[in-house]
Each structure stands twice: as structure tokens, then as C-alpha cells.
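Visitor: sharing a model that was predicted from the sequence below.
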Amino acid sequence: MTLAKWQPPIKKIPSTTHAGERTFTPIHTAVGAALSQWEHFESGLSMLFQLLCEATTMAASRAYGTVESCYSKAQMLREAAIVFFDTRHPFDEQYSKEIDNLVAAYENGQKYRNNIAHGMAVSYVFTRNRNGYFLCPPTSATKKHKRAKQPYFENIAYFYDVTDINYCGERFTTLLAENMRLMISQIRSTLF
């Protein structure tokens, strides 16, 4: 099974036709759910690392958990996978590729996890009686705001509504499912 390629949420600019949420509450709820899904995935990766290290205790998983950088964790997974596969005969090229794809998807997903974790619910006023809430980067997130050469909304990296946040959360759940599938298939092949 190959992990499906994922397309990130399409950037939508706040407008009277894309007015966001009526209150900030649904955004806060969606953020909490998506971040919880991401943490389940991170936990699954720590177990995958433990499996690749062939650890019989939680030591490898705990050590993996002390690393904060997504890049470093991805490198740890890649290096553990190299040794894991180099010590098996015959070499399982398909399984190795699937691990590589999962790690690449993890690195890609981190950007969207960060957008959600570091965003803030902001209200924009469209008419006298209508405003809308979006999850946006704070103004202090310099990399998420372009220089002001374009119209204001064009300068901001993202405006997530609940649908966008849930869409990212569903991807995090898919990544966890793929992680667990890879672990279970390896455990089965070892036992049987």
C-alpha cells in the first residue's frame, strides 16, 4: 500500500463569499482535535522508532521523545530504518520505500501542524453586520507575512476555516493509520 499524495488546503482569502466562522469557538475546537491527532501520530512514530531499533523496552521510544525537532526525528527514523533493513535478508525494498514515504509525509505535515499550533483565531469585518473568524498566523510570525507589496490579505500565508483545520487533522489521522499498518505488518512478518 502506498501513502496517498496529499494536497494542502488551498489558500482562500477572507471575503463576503468566504466569510469564515461566526465565532471563534469552532476554530478552537478544531485546533484542539487536529493537534491531538498529530500527537497520536507522533506517539506512533516513537513506537515505530522503537520497532526499527528492535528495542524490547520503551528505552528507544523515550529517547526519541526527548528530541524536539521534526527534522532530527525524521533523520533518526531514516537511520534506524537503514540499519533495520540492512540486517534483513532478503531486503524488503517495498517496505523500505513505505517507511521513507511515511517519514517524508511527516516532514511535510509538520508545516501544517505548526500553522495550526501557532495560529490564532482572528476576526475580520466584512459588513456592518457580518464578521468572520479564521485561524491565521500572528503578525509576529515574520515568515508567514510577506512584505506589503500586495493587497493586505495576499501577504498573509493562510486563513484556515474549520474545514481546512479538519482537513489537516484527517491527514494526521491517515499518517497514524499508515504508521500503524507498517508496524503491524512488520510484527506479523517477524512472528509468522
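Guide: Nice, I can see it.
Visitor: could you report the pLDDT at the residue nearest to the spatial centre of the chain?
Guide: Taking CA atoms, centre = their mean, the centroid of the chain lies closest to G109, which sits 3.2 Å from it. Per-residue confidence at G109 stands at 96 (pLDDT).
Visitor: which helix or which strand is home to it?
Guide: Using DSSP states H and E, G109 sits within helix 93-118.
Visitor: tell me what that helix is packed against?
Guide: Counting contacts by 3 or more CB pairs under 8 Å, 6 or more residues apart in numbering; DSSP states H and E, helix 93-118 is packed against helix 25-52, helix 70-86, helix 162-191. Heads up, the C-betas are built off the backbone N, CA and C, glycines and all.
Visitor: most tightly surrounded among these?
Guide: helix 25-52 (a mean of 19; mean count of other CB atoms under 10 Å).
Visitor: next structured bit after it?
Guide: Counting by DSSP H and E, the next helix or strand C-terminal to helix 25-52 is helix 59-65.
Visitor: ok now that following helix, how far from the chain's centre?
Guide: 20 Å (CA atoms, centre = their mean, to the nearest Å).
Visitor: circling back to that earlier point, A121: which of the helices and strands packed on helix 93-118 is closest?
Guide: The closest of the helices and strands packed on helix 93-118 to A121 is helix 25-52. By CB to CB, the value is 4.5 Å.
Visitor: which strands and helices sit next to that closest one?
Guide: Judged by 3+ CB pairs under 8 Å, 6+ apart, the packing partners of helix 25-52 are helix 59-65, helix 70-86, helix 93-118, strand 130-136, helix 162-191.
Visitor: same thing but 10 Å
Guide: Helices and strands touching helix 25-52, by 3 or more CB pairs under 10 Å, 6 or more residues apart in numbering; DSSP states H and E, are helix 59-65, helix 70-86, helix 93-118, strand 120-127, strand 130-136, helix 162-191.
Visitor: what angle do the worst-scoring helix or strand of the chain on mean pLDDT and strand 130-136 make?
Guide: Counting by mean pLDDT, DSSP states H and E, the weakest-scoring helix or strand in the chain turns out to be strand 120-127, with a mean of 83. Strand 120-127 runs at 150 degrees relative to strand 130-136, counting by axes from the mean of the first three to the mean of the last three CA atoms, to 10 degrees.
Visitor: note down every partner strand of strand 120-127 and its orientation.
Guide: Here strand 120-127 is paired, per DSSP bridges, with strand 130-136 (antiparallel).
Visitor: export the helices and strands packed on helix 25-52 to TSV and tack on distance to S43?
Guide: Below are the helices and strands packed on helix 25-52 laid out as TSV (distance: least, CB to CB, whole Å):
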stretch	distance to S43
helix 59-65	9
helix 70-86	12
helix 93-118	13
strand 120-127	26
strand 130-136	24
helix 162-191	8
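Visitor: circling back to that earlier point, what's the least confident helix or strand of the chain in contact with?
Guide: Strand 120-127 has contacts (CB atoms under 10 Å, 6 or more residues apart in numbering) with 14-21, 23-28, 31, 130-139, 141, 152-153, 156, 159-160.
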